[in-house]
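Asks: Pasting a predicted model and its sequence here:
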Amino acid sequence: MNFYDNVYRIVSQIPKGKVMTYGQVAALCGSPKASRAVGYALHVNPQPGVIPCHRIVNRHGYLSGGFAFGGIDVQKLLLEQEGVFVDDEYRVELDRFLFCMNF
DNA sequence: ATCCTGACCTAGC
DNA sequence: AGCTAGGCCAGGA
């Protein structure tokens, strides 16, 4: 589906040290309410390594926990390695690390 | 083609 | 402020 391609493209466009929410990715894909589809798209994750799924968090800033690349702990570690501070409850400060696409 | 499920989001209580 | 219910998009049986 083209929708998935859009999701992967947008997620790949997220810079290092920034995170994005499912809703925002869905909105950029053209369907603001397709957040579930976004999660599903990352769930299948056909290109691990190319698609930084660890930079995708939910609206509350918490890591989803779907972990399609190893585990939520790895996700937390990856975010910390990129400069994103992750809370002990697997939460990211969206106020500081939320990446907003401004074309 | 229809029904159920899923890494979500919004609205109502 | 926290929890529950409903809805939207796509995929699989």
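Replies: Nice, thanks for sending it over. The structure displayed is predicted, hence computed values, not measured ones.
Asks: Pull out the buried positions in stretch A:67-76.
Replies: A:F69, A:Q75, A:K76 (16 or more other Cβ atoms under 10 Å). The way it works is simple: take the backbone N, C-alpha and C, and place the C-beta from them, glycine included.
Asks: Could you do stretch A:52-70 as well?
Replies: Using 16+ other Cβ under 10 Å as the test for burial, stretch A:52-70 gives A:P52, A:C53, A:H54, A:R55, A:I56, A:V57, A:N58, A:G61, A:L63, A:S64, A:F69.
Asks: Those residues in strands, which ones?
Replies: A:I56, A:V57 (DSSP state E).
Asks: now, among the buried residues of stretch A:52-70, which is nearest to A:F99?
Replies: A:R55 (7.9 Å; Cβ to Cβ).
Asks: mind listing what the closest one touches?
Replies: Counting by Cβ atoms under 8 Å, 6 or more residues apart in numbering, A:R55 makes contact with A:V11, A:I14, A:K18, A:V19, A:M20, A:L79, A:E82, A:F99.
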